[in-house]
Each structure stands twice: as structure tokens, then as C-alpha cells.
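Novice: For reference, the sequence and a predicted model appear below.
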Amino acid sequence: MLTKTFGSAVQGVNAYTITIEVVVSQGTSFFVVGLPDNTIKESQQRVEAALKFRGYRMPRTKVVVNMAPADIRKEGSAYDLPIGLGILHASQQLTTERLAEYVIMGELALDGALRPIRGVLPIAIQARKEGFKGFILPRENAQEAAIVNNLDVIPVDTMQEAVDFLEGRQEITPVVIDTRDVFQQAANQYAADFADVQGQENIKRALEIAAAGGHNVIMIGPPGAGKTMLAKRLPSILPALNMQEALESTKIHSVAGKLGANASLINTRPFRSPHHTISDVALVGGGGNPQPGEISLAHNGVLFLDELPEFKRTVLEVMRQPLEERRVTISRAKLSIDFPANFMLIASMNPCPCGYYNHPEKECVCGPGVVQRYLNKVSGPLLDRIDLHVEVTPVTFDQMTETRRAEDSRTIQERVEKARQRQNERFREFPDIHSNAMMPSQMVKDICRIDPAGITLLKTAMERLGLSARAYDRILKVSRTIADLAASEHIQLPHLAEAIQYRSLDREGWAG
């Protein structure tokens, strides 16, 4: 007898429906065909043990499981449940006619219990798109799948519950959530707040400018100056996620298996801080069946690279294209997958190996040329993609003991959102441009116009400070953002002057 059940395979951040055909016929042996990986081939033992534990029998005849289309690679243990139900139906131990109405996914334990799977959200989206009535899946994944409306999300704890539901012996109420209500309840709630930071007003100002224009930032300063603490608070002043951004981020985390049990919609900006021992593939994504890397997990949020020179050179260089194109393409012999990677890069570093170059009180003990060699670990092309270079100085004792509470994140965020609204209006005819940092060079000349006095100031600064040619566009973009924060239609001299000071690493002789 031929039986068909339906599952799903995830490639990139999209899902594709898989038809699982099961035939029980005369003969012996168990076969799984259709490009399954070893985990799926091992499903025979898990399915057989689960069937026996629940009082069913495993056919002692020839069982062929075909996973179509056969040219798409299938991976993981999430096909255990549809294979098991297909075997039951093909061997006439399950008599329901409702199998074709549902996408079914779940990993089986040996006692027939179900374990959670990854990639549930894109699977649910595809199931609704293809007209399935519902989605039968492990209970731990139900909240995530319920983000998708107009789809019956049926949570089950065991294979027996799925059988009873399909045969009509047990009613299971579909999980329903109000997506917008859930999104709004916990939206924009961050544990860290700028109100906790005493002093460092110039750094807060730089991060506010970065948030307002979507600019990348590098902070240079001695150990203990507060670089990491400030970076962790940056998401709290970024504009709140909208529903589309939340769905994009949730899909990526779902595919990567980072959502956790009973998780639902991501409603705060992601903040990813990988260790400096990370590999190229872990940062940008990849693998046999390509998975999203840290830069994609930071999509719509912040990627923080602490101690930037300690990262391997090759790891840093692979970020060049994603920083420009806001996406990363993983190419393999048979497929090419795009992962979104629209993130803000925040980096921090010590000014030298000992950490005290340019320190106001402690003396640097690094030898001649050591500081420059340390800085050269970060390549010019990567620095070219970082708009603001900020020097961080230690907080004084008086600042640390200040009792007056600092400005909180919500107040700063309101100013950032107003600046972003001006940019949205400016770029309303360009759907791929959402902030000043995303402007191409040809657009900078039209939008970031400066008067003759500003041209004179910029020329003088580039000559006297030895600023590089790559600093020119960056200064104009940052000055445009500063003007947006000031609600100014045109770039004024103070805006330009403030932008110029954020190019520390472009100055000749900065490191001696």
C-alpha cells in the first residue's frame, strides 16, 4: 500500500515541502531514498522503537521510504514523525484520510515522545502558502509556528497523540496567539540602559549618531574604559523593530536553532558578540547544508566584535562584501543561498598591546613601531567601511560617584527615531536605502551638499590632519546624520566639524 505524508526541508531561510512516500510490500529490508543524510537513515531504529513502545508493530516486510523531490538534500531527525505515521498508514494500522491535510514534523524519542525541531517558522509560512490545513509538531515549537495565522497549529507531546488526533479519537485545540499583541507587549524591552552609564558623554553622543544613521563604529581605548558596556547598550537606542523586521529576524534564528523551547516572535534588536577565536564559516555562515552565521543572526541588530585586532585576518576580511551589500551569498556546487545581513558593526580595541597608548595617566610600555603594527592588524579596506572612530578615555572618580542619574535610553531613542523618520522621507523613492549609512557614493554628492565655508573647512581638515581620501564620503554621511538629529535641512559648519573629529584612525601619525 502506498501512503503519502508531508514534511518540509529548510534551505537558507526558506522552506520547501517534501512529500514522504511509504510503500510496504513483499520482501525484506528497510530503505530510505531521496538524498537523506545519515540522521534520517538512522530513523529506522528510532521509529521502530517508538512504534513498539506504543503498542504498534514494525512491518517485517519490505519498507521503502521515498523523500521527494529527490534532488533536494534532506537533513536532520525532524522527519521521524511523518515517516512513522506513514509506516502505520501503509501497514493499515492507521486508517485516517487526513494525512494529506497537514504538514507533519517532529523528532521521535525511543518511547514515542516528541522532541523540538528547528526551522519551524519558515515551515509554517510555506505550509500556509501551499494551502495545508494545519501543522502537526512538537509542543515546544507551537508558539513559534502560531506566529503564522490562518494555519491550524496542532501541538502534540507523543506520536500516540498525533495518531489519536488524526483518527478523531482526541480533539486538540490549535494554538492561537495574537502576534501583534505579543509583539507589542515585550517590544523594546532591554535589560541594559544608558541611564546606568556615568560620564562618557562624548561616547554616548557618538553612539547616538551611529544609531541615527545606521553607521558602523570602532571604539579605541584602554582596558576598563567602558567600551563593552557602552556597546551592549546600543540596541536600546536603535529604532524599535517593526513587524516585518521581527519576522525576518525570527526566521533566521529559527533556522539556526537559536530560539529555544516555547519561544515566539523576536521583538528586540539582536545583539551578537562572537569570541575572537571564531572561524570564517561561523561568522558569515556556511556548511554542507548552509546555515546562517553570526552576521545573519545580527540581521536588523548589532554585531559587536570585542578586541578587533585579536580576530584572525581572514575572518575580518570576509565581512567586506556583507558590509557593503547587506547580505551574504553562500555558494555550493548545486545551490546558492542568500542570507540577509543588514547589521550595524560595533568594534572595540585597545590602542596597543599593553593597552595604554595615549592614556592620560598610565605610560605605554610598547616599543617603537609596536603600536602601528598592532593597528595594522585591522586592514584599511575594513576601516574604510567603519564611519566613526571614537577614542574612549577612562571615567574619572568624580564621574563614577555622580549621584545624578544619566539620560536614559528611551530619551535618546526618541531623538534617533525622529532622525530616522527624516531619512525615511528622504529615501522614500529608494526601497533598498533606509539610512544615511546606506547611501551610495553617487547619491552622497546630491544629498550631502555643503556650502563654500564647509568645503573650505573640510579641505583644511584633510590637509592639516592628514585625513585619507576614503574619509571624505564618510564625513559627509556622518555630518548629514548629525544635521538630521538637529532637525536641520542643510549641513552646517558645526555638523561638519563634529563629523571630522570622528576619523581618528585616518589621521597621519596617530600611532606615531
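Specialist: Structure received. In this text, all values refer to a predicted model and were calculated from it rather than measured experimentally.
Novice: which residues of the stretch 101-250 of the chain score low on pLDDT?
Specialist: Within the stretch 101-250 of the chain, the ranges that satisfy pLDDT under 70 run 185-188.
Novice: Please, where are all the strands along it?
Specialist: 102-104, 107-108, 114-115, 134-138, 152-156, 217-220 (DSSP state E, counting those that start in this stretch).
Novice: Relative to Asp306, which of the ones you listed is closest?
Specialist: Among the strands of the stretch 101-250 of the chain, the nearest to Asp306 by C-beta to C-beta is strand 217-220 (9.8 Å). Where you see a C-beta, it was placed from the backbone N, CA and C, and this is true even at glycine.
Novice: now for the closest one, which elements pack on it?
Specialist: Applying 3 or more C-beta pairs under 8 Å, 6 or more residues apart in numbering; DSSP states H and E, we find strand 217-220 packed against helix 201-213, helix 227-232, strand 344-349, strand 388-391.
Novice: Is there a neighbour count for Ile154? I'd like the number.
Specialist: 23 (other C-beta atoms under 10 Å).
Novice: buried residues in stretch 243-251?
Specialist: 245-251 (16 or more other C-beta atoms under 10 Å).
Novice: Next, the angle helix 201-213 makes with the longest helix seen in the chain.
Specialist: Using DSSP state H to define each element, the chain has its longest helix at helix 409-426. Angle, helix 409-426 to helix 201-213, by axes from the mean of the first three to the mean of the last three C-alpha atoms, to 10 degrees: 40 degrees.
Novice: Average pLDDT for helix 409-426, rounded please.
Specialist: Mean per-residue pLDDT for helix 409-426: 94.
Novice: hmm, who's touching it?
Specialist: Contacts of helix 409-426 with the rest of the structure, by C-beta atoms under 8 Å, 6 or more residues apart in numbering, involve 188, 190, 193-195, 204, 208, 211-213, 233, 236-240, 434-436, 447, 481, 484-485, 487.
Novice: Relative to the whole chain's centre, how far out is the longest strand seen in the chain?
Specialist: Across the chain, the longest stretch assigned as strand under DSSP state E is strand 14-25. The chain centroid and the centroid of strand 14-25 are separated by 31 Å under C-alpha atoms, centre = their mean, to the nearest Å.
Novice: Could you give me the buried positions within it?
Specialist: For strand 14-25, by 16+ other C-beta under 10 Å, it's 14-18, 20-22, 24.
Novice: Ok, stretch 379-395 next?
Specialist: Quick answer for stretch 379-395 (16+ other C-beta under 10 Å): 382-395.
Novice: just stretch 40-58 next, same as before
Specialist: Applying 16+ other C-beta under 10 Å to stretch 40-58 flags 40, 43-44, 46-51, 53, 56, 58 as buried.
Novice: what's the closest of those residues to Gln291?
Specialist: Distances from Gln291 to the buried residues of stretch 40-58, taken by C-beta to C-beta, are shortest for Ile40, at 17.4 Å.
Novice: OK, contacts around the closest one?
Specialist: Per C-beta under 8 Å, 6+ apart, neighbours of Ile40: 32, 67, 74-77, 79.
Novice: Now do it against Ser77, distance only.
Specialist: According to C-beta to C-beta, to the nearest Å, Ile40 and Ser77 sit 7 Å apart.
Novice: backbone phi and psi for the nearest residue to Gly119 once chain neighbours are set aside, please?
Specialist: Nearest in space to Gly119, with sequence neighbours left out and distances taken as C-beta to C-beta, 6 or more residues apart in numbering, is Val10 at 3.9 Å. In terms of degrees, to the nearest 10, the main-chain angles of Val10 are phi -110, psi 130.
Novice: For the stretch 301-450 of the chain, just list every one of the helices.
Specialist: Ranges of helices in the stretch 301-450 of the chain, per DSSP state H, counting those that start in this stretch, are 313-317, 320-325, 370-375, 380-383, 397-400, 409-426, 441-447.
Novice: what's the answer for the stretch 1-150 of the chain, then?
Specialist: 38-41, 43-53, 80-90, 120-129, 142-145.
Novice: Also the stretch 151-300 of the chain?
Specialist: Under DSSP H, counting those that start in this stretch, the stretch 151-300 of the chain gives helices at 159-166, 179-186, 201-213, 227-232, 243-255, 280-284, 294-297.
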